[in-house]
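>>> Below is the sequence, then the predicted model.
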Amino acid sequence: MDTALNPTAAGAAPAFYVIEEEHHAEGGSTPLGFWLYLMSDCLVFAVLFATYAVLGGSLAGGPGPRDLFDLSLVALNTTMLLISSITYGFAMLAMLRQDVRNVLIWLAITGLFGTAFLGIEIYEFNHLIHEGAGPQRSGFLSAFFALVGTHGLHVTFGIVWLCVMMVQVSSRGLIAANQRRLSCLSLFWHFLDLVWIGVFTFVYLMGVLR
Amino acid sequence: MTASHHDAHGAAHGHTADESIPHGTFGSYVTGFILSVILTAIPFWMVMARPIESAGYTAAVVLACAVVQIVVHMVCFLHMTPNAEGGWLLLSTAFTIVIVVIALAGSIWIVFHLNSNMMPGMHRMPESTLDAVSE
């Protein structure tokens, strides 16, 4: 990076300034920048996991994980998210082949599985609240709804982003900017699946074991 | 950069996007998916069918499967390699893992410690002591 001595500031302390910014190809730093965002999101989830670990045993006389969680429903939910991960992978492979039609088809399938995941989660939340096990019931349930709800919100925004990308790809094709955006969404989507591994392990499976 | 210049190099730009963005192959996605299915099925089966009586051993297997599956996802789906982004990707991830471990392990450790110290004391503590503590 070039710096230069400011000639007008004679006698004063020399001022240095950047003549020319370091050249980057457009969007060249986006993957790393987006990765750093995901890492900060990871810290958000870490704090929510820590909260759940701390409050998970505080039932306040209310129902515990063993009474509330239906593991077959969680297994179905996990399957939906896992399938949506590989269908997104197929969309990325179609993108590398510059195959607009298949990108759109795989994105739509991914969106459907993501929506199925959300639907099952909303059904589960609704069921819990109707049973009187809402977030205000105990520390355990507050932490549970905060953690799983935050993940669900991320999936919701992922689906919104997915719809936006389908519109973008169908109207402008697979230009470099759209490829970059699809790659970022790919990281986001797979990251959410990764967080879900933590959720079903620590919250559901460990909760039922305890 | 002018519009015509951009158009003339449109193909080249698309190409650079291909190279700078980490991407997998059909094989890596299918491998990742099959491994993930196995590593998800094992812990669910372990907890739902309980082939091992001991909760401790079951928990250990469930945790081990989760750790392996997270690594599988990082390699097969997120395409992490040691040299991606000139090593910054791996470095930022390692830093994040350190912070996550400190936050999780620290919280659990401290709160378990607090519970063991405070829970009996809460019940035995007379009113006057409570006031003194709150002041």
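Received, thanks.
>>> Any regions of chain B where pLDDT drops low?
Within chain B, the ranges that satisfy pLDDT under 70 run B:1-22, B:113-135.
>>> All the helices of the chain, residue numbers only.
With no chain named, the answer covers chain A. Counting by DSSP state H, chain A has these helices, from start to end: A:30-55, A:65-68, A:71-96, A:100-130, A:139-172, A:176-198, A:206-209.
>>> Chain B is the one I meant
Applying DSSP H to chain B gives helices spanning B:3-8, B:10-20, B:26-49, B:55-72, B:88-124, B:127-134.
>>> would you put the C-alpha positions of the fourth one in PDB?
Coordinates of each C-alpha in helix B:55-72 appear next as PDB, following Å, rounded to 0.1, in the frame of the first residue of the first chain:
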ATOM      1  CA  ALA B  55     -27.000 -43.100  30.200                       C
ATOM      2  CA  GLY B  56     -23.300 -42.100  30.500                       C
ATOM      3  CA  TYR B  57     -22.100 -44.300  27.700                       C
ATOM      4  CA  THR B  58     -25.100 -43.400  25.500                       C
ATOM      5  CA  ALA B  59     -24.400 -39.700  26.000                       C
ATOM      6  CA  ALA B  60     -20.700 -40.300  25.100                       C
ATOM      7  CA  VAL B  61     -21.700 -42.000  21.800                       C
ATOM      8  CA  VAL B  62     -24.300 -39.300  21.000                       C
ATOM      9  CA  LEU B  63     -21.700 -36.500  21.600                       C
ATOM     10  CA  ALA B  64     -19.000 -38.300  19.600                       C
ATOM     11  CA  CYS B  65     -21.400 -38.600  16.600                       C
ATOM     12  CA  ALA B  66     -22.300 -34.900  16.900                       C
ATOM     13  CA  VAL B  67     -18.600 -33.900  16.800                       C
ATOM     14  CA  VAL B  68     -17.800 -36.200  13.800                       C
ATOM     15  CA  GLN B  69     -20.900 -34.900  12.000                       C
ATOM     16  CA  ILE B  70     -19.900 -31.300  12.500                       C
ATOM     17  CA  VAL B  71     -16.500 -32.000  11.000                       C
ATOM     18  CA  VAL B  72     -18.200 -33.900   8.100                       C
END
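>>> could you redo the helices of chain A as a markdown table and give each row distance to B:P51, mean neighbour count and mean pLDDT?
From N, CA and C alone the C-beta is placed, and that goes for glycine too. Formatted as a markdown table, the helices of chain A follow (distance: least, C-beta to C-beta, whole Å; neighbours: other C-beta atoms under 10 Å in any protein chain shown; pLDDT from 0 to 100):
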| stretch | distance to B:P51 | mean neighbour count | mean pLDDT |
| --- | --- | --- | --- |
| helix A:30-55 | 27 | 18 | 92 |
| helix A:65-68 | 19 | 15 | 89 |
| helix A:71-96 | 15 | 21 | 95 |
| helix A:100-130 | 26 | 17 | 96 |
| helix A:139-172 | 27 | 17 | 96 |
| helix A:176-198 | 22 | 22 | 95 |
| helix A:206-209 | 13 | 20 | 90 |
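>>> Cheers, nothing more for now.
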